[in-house]
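> structure of the sequence below:
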Amino acid sequence: REEQCYVDPTIDSPPVESCPKCGGKLVGSSDVFDTWMDSSITPLFNSFWERDEKLFERLYPVSLRPQAHDIIRTWAFYTILRCYLLTEREPFEEMMIDGFILAPDGKPMHTSLGNVVDPLEIIKEHGSDALRYYAATCKLGEDNPFRFQDLVRGVRLMNKLWNVERFIGGLLKEKPDEAEFHLTDRWILSKYSRMVERATECMNRFEYSGAMKEIEYFMWHEFADHYVEMVKHRIYEHNDAAALHTLYTIGLGMIKLCAPFLPFITEEIYHTVYKKFEGEKSIHVSRWPETVLKDDDAEHKGEIIKEIIAKIREWKSRHGMALNVPLKKAIIYGDVSCTDTIESTLNIEEVVISHEPREVTKIAVPVYRKIGPHFKEKGKTIIDEIKRNGEKVAEEMEERGYYEFSHGGDAIRIDREFVEIKEEARENLLKAGDVFVVVEK
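Below is the predicted model of the structure:
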């Protein structure tokens, strides 16, 4: 009977008072089964084998066996063998083998060593999402020392996510309709779509650390740091429908992507910002995000715009200027689209496109890894010469393909492979990829 399946013979009374054949007293067995005797049929138990035939046919074989690498010989092999002998079918479709979390010093955690990290204390101080973030960054199949700094990083990521989503939520009066996209919208949506593809591929291979890396980088360094700043003027000044739709699409997509790793903060964001528009009762029963569009041309042009804005921001910071301090003029040497985005994002009065020759100085710098092994004891002399006469060396390299100088009565020749030619801009000439920008205060 089912109620007799699980008994402790050292405590539970026998099902009958005495043996029905001999009348003898029944005593519980003190022998212990190999623990794998029961655990080796967990797929059968979980799929209601011998209890519900219809349900068993629906559920068996199960889709996944997650386990650590230390019990492959026992749990995994025992399960495969025993379930196959009983059903003539494999017990699961795929296995996911994870590693151990070690102490911060890389040693196994043991109470006797005093190096055990208590997860309850971690949750109490940082929250469970931060601990889950750390777990998601651990590469599958490898042992990982516990890293307290990753908890801090997880908290910072959640703060960033919360602030971005709160910004989006503050703009929404209704669910935005689709509109004709601006170049920067197509740029970020194409980058987003490719990230969704890569993250989904990682998830399908159980490579959660790869998925988390893709999601985190895009959210922080593409969406929050760049696109959100680029579209603020379109939102505040024009209530731009395409910008609102793009923010909504990516904002919702980001919490869906993060939901398996950060379930609590994503659920809170969903209920605060998106539920009234989406209708699903929880982020965790919503559909996984899909790609929106792919546009190689928009990605290329958008990256140029992003790089120009980033370089001018760096220039402002280097000169102790607040990022919102207005600039009189920026001259861009090259083909650049959407100068209005650059103007509005950086508070520049005028952006001019020019195809005139740009003012740069070419300087040769030594390639140390090649000079030393080739010239040996003369290496220092050659490096000093290149550093002293970088412009002259670069000029002769481009004209003749080599540079010669005399030292101690000897003529020394330096070929092109021993130097790298770099373009050095004047103080207010910035290089953004293949584009140059002159900034005027």
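
> does Lys294 sit in a helix or strand, and which one?
According to DSSP states H and E, Lys294 maps onto no helix or strand at all.

> name the SS class of the closest residue to Tyr192 other than its chain neighbours, please.
Nearest non-adjacent residue to Tyr192, counting by CB to CB, 6 or more residues apart in numbering: Ile250, 5.3 Å away. (Each C-beta comes from the backbone N, C-alpha and C, glycine too.) Three-state assignment for Ile250 (DSSP: H, G, I helix; E, B strand; the rest coil): helix.

> ok, the residue nearest the centre of the chain to Trp187 distance?
Nearest to the mean C-alpha position of the chain, by CA atoms, centre = their mean, lies Lys213 at 1.6 Å. The spacing between Lys213 and Trp187, counted by CB to CB, to the nearest Å, is 21 Å.

> now swap in Lys21 and tell me
83 Å.

> of those two, who's got more company?
With neighbours defined as other CB atoms under 10 Å, Lys21 and Trp187 compare such that Trp187 has more, 29 against 6.

> OK, contacts around the more buried one?
Applying CB atoms under 8 Å, 6 or more residues apart in numbering to Trp187 gives the contacts Tyr227, Asp295, Ala298, Glu299, Lys301, Gly302, Glu303, Ile305, Lys306.

> buried members of those into PyMOL, please.
In PyMOL, a selection of the buried entries from the contacts of Trp187 looks like this (16 or more other CB atoms under 10 Å):
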select buried, resi 227+295+298+299+301+302+303+305+306
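
> show me where the stretch 201-350 of the chain has helices.
208-217, 228-238, 241-258, 263-269, 275-278, 296-318, 339-346 (DSSP state H, counting those that start in this stretch).

> export these to TSV and tack on mean pLDDT and distance to Pro14?
Listed next are the helices of the stretch 201-350 of the chain as TSV, based on pLDDT from 0 to 100; distance: least, CB to CB, whole Å:
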stretch	mean pLDDT	distance to Pro14
helix 208-217	95	49
helix 228-238	93	71
helix 241-258	97	54
helix 263-269	97	47
helix 275-278	95	56
helix 296-318	92	74
helix 339-346	91	81
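
> out of those, nearest to Lys380?
Between Lys380 and the helices of the stretch 201-350 of the chain, the shortest gap by CB to CB is with helix 296-318, which sits at 32.4 Å.

> can you give me the buried ones in stretch 160-177?
Lys160, Leu161, Val164, Glu165, Ile168, Leu171, Leu172, Pro176.

> and stretch 168-176, how far out from the chain's middle?
Here stretch 168-176 shows a centroid-to-chain-centroid distance of 27 Å under the convention CA atoms, centre = their mean, to the nearest Å.

> end to end on it, go ahead and measure it.
End-to-end distance of stretch 168-176: 11 Å, with CA to CA, to the nearest Å as the criterion.

> same check, this time on stretch 329-346
First-to-last residue span, stretch 329-346, CA to CA: 11 Å.

> how about that stretch, which residues are buried there?
Neighbour counts over stretch 329-346 (16+ other CB under 10 Å) mark 330-334, 336-339, 341-346 as buried.

> strands of the protein, residue ranges please.
Along the chain, the stretches classed as strands by DSSP state E are 62-68, 92-98, 101-102, 144-145, 327-333, 348-354, 360-366, 402-407, 410-415, 419-425, 429-432, 435-440.

> wait, which of those is closest to Cys5?
Comparing the strands of the chain by CB to CB, strand 62-68 comes nearest, at 20.5 Å.

> and the closest one, what does it pack onto?
When contacts are defined as 3 or more CB pairs under 8 Å, 6 or more residues apart in numbering; DSSP states H and E, strand 62-68 packs onto helix 42-46, strand 92-98.

> what about Thr87, how many residues nearby?
When neighbours are defined as other CB under 10 Å, Thr87 has 17 of them.

> also Ala68?
14.

> then Met254?
Count around Met254 with other CB under 10 Å applied: 25.

> right, and it touches Trp162 too?
No - Met254 is beyond contact range of Trp162, at 11.4 Å (criterion: CB atoms under 8 Å).

> so who does the nearest residue to Ser40 once chain neighbours are set aside touch?
Leaving aside its sequence neighbours, Ser40 sits nearest to Tyr78 (CB to CB, 6+ apart; 3.9 Å). Residues near Tyr78 by CB under 8 Å, 6+ apart: Trp36, Ser39, Ser40.
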